[in-house]
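Peer 1: sharing a model prediction with you, sequence too.
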Amino acid sequence: MTEAPRLCVVGSSNTDMVVHCDRLPSPGETVLGGDVMVAGGGKGANQAVALARLGARVALVARVGSDIFGDQAMVNLSRESVETRYVTRDKGHPSGVALITVDGRGENIITVAPGANGALSPADVEAAEEAIASSAALLVQMEIPAETVEAAVDAARDLGVRVVLNPAPARPLSDDLLGKVEVLVPNETELRLAAGVGEDVTVEKTARSLIERGCGAVVVTLGGQGGLVVTAEASARVPAFKVKAVDAVGAGDAFVAALAYGICSGRDLEGAAAFACAAAALATTRRGAQPSLPSLGEVERFLQVR
Ligand code: ADP
């Protein structure tokens, strides 16, 4: 058996507080919901946990507050076997918190208080150079300051480590950044904002415009439609698996992490995308972000019976 890949994630860590209710409140309105569900969240922590459950060795570079949510995050990450040596306890900012309300149809409203995530700095990335250097890939999202994303991507490039970028939340991307990314993994909204292109242009053409601007490949997630893998030479649809989806929260994070895991464990991009669709499909069958992320065994069993 080949050794489990090692990856480094630079990103956010939040505490998610989720309440399910029949319908979302209008401004000024109060609605009553079910019991609150408190779970680890933030795209950085979610993707680190997703990688660890898939069996990867993973270090997270993040910041949490010196508060009770930060305590919980550290315990939770350690329990998930995520290396927390580079998770800094910030003394000046509270932990990131996401307040999430979900209605009966799975629609949600999310308010994020970024807190300590906004203080994750290029110096934090520099302090984690050893973790980046020893990784097969750097995985980064955009819930942290732009200069920290750039520092992480630059460090990986300088160290010869491949870069997988999940450009979420959506924002325009510079040619400089794109030129250092091996695989970009946006959803359709993020793709269009990254490229500055409207809905009159196809997903494939939009993805190809980003490749022309310098990134190696683009894997677009398309919700219940699966994914689209676009390289300079070709493009391929990767169908979604048919499942009884109850909550898409966490599916994007499961997909991105499983794709990064896939390419670091020797799959080609299309194979990694199919593996990612399986992990993401499983995540849609369970509620919440981190609670819904599948283990490697679950993904393998799921793929065997398909
Ligand atoms: P995000 O939540 O980041 O916008 P998507 O909605 O595109 O991400 O979903 C990510 C991935 O999750 C998809 O590419 C697909 O593989 C999987 N997925 C999402 N919704 C479903 C569904 N209803 N059935 C099966 N797979 C799904």
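Peer 2: Perfect, I can see it now.
Peer 1: right, and the ligand sits closest to which residue of the stretch 151-300 of the chain?
Peer 2: residue 252 (2.3 Å; C-beta to the nearest ligand atom). All C-beta atoms are positioned from the backbone trio N, CA, C, and that covers glycine.
Peer 1: which residues touch that residue?
Peer 2: 166, 168, 187, 221, 280 (C-beta atoms under 8 Å, 6 or more residues apart in numbering).
Peer 1: quick check: phi and psi at the fourth one.
Peer 2: Meaning residue 221. Dihedral pair for residue 221: phi -90, psi 140, per degrees, to the nearest 10.
Peer 1: again with the last one
Peer 2: When quoted as degrees, to the nearest 10, the phi and psi of residue 280 stand at phi -70, psi -40.
Peer 1: roughly how far is the helix or strand where residue 281 lies from the heart of the chain?
Peer 2: Using DSSP states H and E, residue 281 sits in helix 269-284. Centre-to-centre, helix 269-284 and its host chain are 13 Å apart (C-alpha atoms, centre = their mean, to the nearest Å).
Peer 1: re the thing from before, what strand or helix carries the residue of the stretch 151-300 of the chain closest to the ligand?
Peer 2: If you go by DSSP H and E, residue 252 is part of helix 251-264.
Peer 1: mean confidence for that helix?
Peer 2: Helix 251-264 carries an average pLDDT of 98.
Peer 1: buried stuff in it?
Peer 2: Residues of helix 251-264 classed as buried: 251-264 (neighbour count, 16 or more other C-beta atoms under 10 Å).
Peer 1: now swap in stretch 141-153 and tell me
Peer 2: For stretch 141-153, the neighbour count (16+ other C-beta under 10 Å) marks 141-145, 148-153 as buried.
Peer 1: those: which ones sit near the ligand?
Peer 2: For the ligand, no contacts are drawn from the buried residues of stretch 141-153 by C-beta under 6 Å from any ligand atom.
Peer 1: contact partners for residue 178?
Peer 2: Here residue 178 is in contact with 184, 210, 213-215 (C-beta under 8 Å, 6+ apart).
Peer 1: which among the residues you listed end up buried?
Peer 2: Of the contacts of residue 178, these count as buried by 16+ other C-beta under 10 Å: 184, 210, 213, 215.
Peer 1: just flag the most distant two among these.
Peer 2: Across these, the longest distance by C-beta to C-beta is 10.3 Å; it joins 184 and 213.
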